[in-house]
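>>> The following block contains a protein sequence and its predicted model.
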Amino acid sequence: MLKRYILIRLLLAIPTLIIVTSLIFLLLHLAPGNPIDVLLAASRGSREVREVLIRQFGFDKPWHIQYFLWLYNTFTGNLGISLHGIPVISLITPRVWYTLELMLVSQFISVFLAVTFGALAGYKRGSKLDKTLTFLALLGYSIPDFWLGLIFILIFSVILGWFPVGAFSLGLSEVIGFASIIEHLKYLIPPLTVLVIACTPYYFRLLRSSVIGILDADYITMAKAKGASDFIIIYKHTLKNALIPLTTAVGTSLGLIFGGNYIIEVVFAWPGLGTLLVSAALARDYWVVMGVSFMTVLLIIISSIIIDIVYAYINPKIRFGGAEY
Amino acid sequence: MQNINRGFSVILIRNLKRSKITMFATGWIIIILVLSLFPFIFAPYNPNTTFAGKTNMPPSASFIFGTDYVGRDVLSQIIWGARTSFFIALGAVIIELIIALPIGLLAGYFGSWVDQLFMRFADAILCIPTIVLLIVAVTLFRAQSEISIILVMGLVNWPWLAKTIRGETLRVREEDFVIAAKSLGFSDFYIIRNHVLPNIISPIIVISTFDMAWFILYEATISFIGLGNPTIPSWGRLLYVGRGFLATAPWITIFPGIFIMLTVFSINILGDFLSDMLALKIT
């Protein structure tokens, strides 16, 4: 059943991928000017060079032909060539891991913190602890995450010198090697901390309100009557049910999660997909922009399938099959 | 009607006074609104005037928040930036409403294939990371004008609002007064305008309020990446400029960030307050 479900979801993802990529492609083509001209403006290439390059990159064909060629190539695993002659796929692959590393670790920590404190605040609703946590969450919710990143750099890198300062520029050149784990952690911790501070309040608010909603349920009253300890009531009876809306929230806000991740990557020059996207968009590197967008949407779809499966395990009311899809 | 209105505003003000945070939020929003309406009165200098030889000056008596790398007064830029932020956020909310309102109403009211069509389309849009679309659209339109930022933000964000409007319409559609109006033979257009719309207006107001906060953050993000209009003072532009001088002139970064944070915070508080007052359940 599960295999069938995953297969159907993947098939359903194809129209979504086509809608999204064609939309982005259309936007790219509505823009005036030609990427080759942007490239040549710097090197003052001749007219002939321009013609050759335009043909080589396929920009001489009508836009819908270009799009279908791209689509065909993409499904055969060829994402095209960047303006600098590097295959897009080899630009993207190493970066996917960096992006996933940052995202998975930060989401895991955020959910863990939100579950711990959200359940506590919801259970002790109206207490001083709850009020403080809720206020902090609202404050964290309102801080622009990239600004938080800048302040982090200012305090911990510039003033205290704990972390490398080299991560200021928008530059793509410095790809950080895995040479030493500690060196790697030095670069990972700053963006990670900022992402956790940015994501946790959102999940915290959700979890708190769903815990409050559940506390009135009969089975909680029952558990209390039976003399179960607070710890058991919160973390065994309540949490299991409160996790359902949290899973839904993570699933529907994947686009936002990726977006936030990309901006933080840019702030800390983390060598992921976000920095690549911004620099490619600024340089009008069509096929790189298309490639990164395609990969992002693909990652979002795969994540949402995984989340749906997790969801079905938490929530026994939902089972694969029937009218669910 | 007059009396009911007065009654509501009395309750509103009484509740407002009860919470210090809400009072603060209201005060802050009023300050920012006044600043954005009359920046020329409050700004000490023209935000784009460059003072030669006074680049990256730390905060002092004549430049309260310091100056930036070409010698522009940071405070004046923040005050004029308030206008940019509010103008863009309000514009984006309007665009979003223009798209989401008819789609949400039609999908919710008629259901069946209309609903399916619109909602699947909305789902596809929601699948795109907003920031990807924003980056692509803003860069490629060489936009750098407020209008295109407004358009893009509205175009990217409407599905969220449309889904809420659809849900609310679905709820109202089953109410007795709508069924009664239908059986009396009123046209669908008449029913939507006179019975459905008035009953879903409060969640729309609340969500639009929250979206104002979102759009202020978005605008700052777009300008921060360097895609904003470089000739117009905005909070995002200051952060973009300040980034290069974090070590030598941190005040360019610190002050506009605090303004963004307090404004977004206040709008969220007011949104929470509004939804409590209108006794809504919005998740």
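The structure has been received and is ready for your questions. Residues are numbered from 1 along each chain as shown, chains lettered A, B, ... in the order given.
>>> and the longest helix that chain B contains with chain A, contact?
In chain B, taking DSSP state H as the definition, the longest helix is helix B:74-110. No: between helix B:74-110 and chain A, judged by CB under 8 Å from any CB of the partner chain, nothing touches; the nearest distance is 11.6 Å. Using the backbone N, CA and C atoms, a C-beta is placed for each residue, glycine as well.
>>> Now do the buried residues in that helix.
For helix B:74-110, a neighbour-count test (16 or more other CB atoms under 10 Å in any protein chain shown) marks B:74-89, B:91-93, B:95-97, B:99-101, B:103-109 as buried.
>>> Stretch A:61-76 now?
Under the neighbour-count criterion of 16+ other CB under 10 Å, stretch A:61-76 has A:66-67, A:70-71, A:74 buried.
>>> Now tabulate these in JSON lines and tack on distance to chain B and pLDDT.
Shown next, in JSON lines, are those (distance: CB to the nearest CB, whole Å; pLDDT from 0 to 100):
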{"residue": "A:66", "distance to chain B": "15", "pLDDT": "82"}
{"residue": "A:67", "distance to chain B": "15", "pLDDT": "84"}
{"residue": "A:70", "distance to chain B": "15", "pLDDT": "84"}
{"residue": "A:71", "distance to chain B": "16", "pLDDT": "85"}
{"residue": "A:74", "distance to chain B": "16", "pLDDT": "82"}
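>>> Which of the residues you listed fall within helices?
A:66-67, A:70-71, A:74.
>>> Any stretches of the stretch 101-250 of chain B with poor pLDDT?
Counting by pLDDT under 70, the ranges of the stretch 101-250 of chain B that qualify are B:129, B:131, B:136-144.
>>> how about the helices of it, start to end?
B:112-127, B:130-140, B:146-173, B:176-183, B:188-191, B:197-225, B:235-243 (DSSP state H, counting those that start in this stretch).
>>> Tell me which other helices or strands the longest one touches.
In this case it means helix B:197-225. helix A:145-152, helix A:254-268, helix B:74-110, helix B:130-140, helix B:146-173, helix B:235-243, helix B:251-277 (3 or more CB pairs under 8 Å, 6 or more residues apart in numbering or on different chains; DSSP states H and E).
>>> Could you figure out how far that helix is turned away from helix A:145-152?
Per axes from the mean of the first three to the mean of the last three CA atoms, to 10 degrees, the angle that helix B:197-225 makes with helix A:145-152 is 40 degrees.
>>> just how off-centre is helix B:197-225 within its chain?
Offset of helix B:197-225 from its chain centre (CA atoms, centre = their mean, to the nearest Å): 4 Å.
>>> So which bits of that helix are buried?
For helix B:197-225, using 16+ other CB under 10 Å, the buried residues are B:197, B:199-200, B:202-204, B:206-225.
>>> Would you mark the buried spots in the helix or strand harbouring residue A:223?
Taking DSSP states H and E as the criterion, residue A:223 maps to helix A:218-225. Neighbour counts over helix A:218-225 (16+ other CB under 10 Å) mark A:220, A:223 as buried.
>>> Same check on stretch A:249-258?
A:249-251, A:253-258.
>>> circling back: name the surrounding residues that touch the helix holding residue A:223.
The contact list for helix A:218-225 (CB atoms under 8 Å, 6 or more residues apart in numbering or on different chains) reads A:214, A:232-233, A:237-238.
>>> Could I have the CA atoms of that helix written out in CSV?
Taking Å, rounded to 0.1, in the frame of the first residue of the first chain, the C-alpha atoms of helix A:218-225 are listed here in CSV:
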residue,chain,number,x,y,z
ASP,A,218,-12.1,13.5,28.4
TYR,A,219,-9.1,11.2,28.3
ILE,A,220,-6.9,13.8,30.0
THR,A,221,-9.5,14.3,32.8
MET,A,222,-9.5,10.5,33.1
ALA,A,223,-5.8,10.3,33.3
LYS,A,224,-5.7,13.1,35.9
ALA,A,225,-8.4,11.3,37.9
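>>> roughly how far is the following helix or strand past it from the heart of the chain?
With elements assigned by DSSP H and E, the helix or strand that comes after helix A:218-225 is helix A:230-232. From the chain centre to the centre of helix A:230-232 is a distance of 34 Å (CA atoms, centre = their mean).
>>> So the strand or helix carrying residue A:307, near chain B or not?
Assigned by DSSP H and E, residue A:307 belongs to helix A:286-314. Yes: using CB under 8 Å from any CB, helix A:286-314 reaches chain B at A:289, A:292-293, A:296-297, A:300-301.
>>> Since that was my last question, I'll sign off now.
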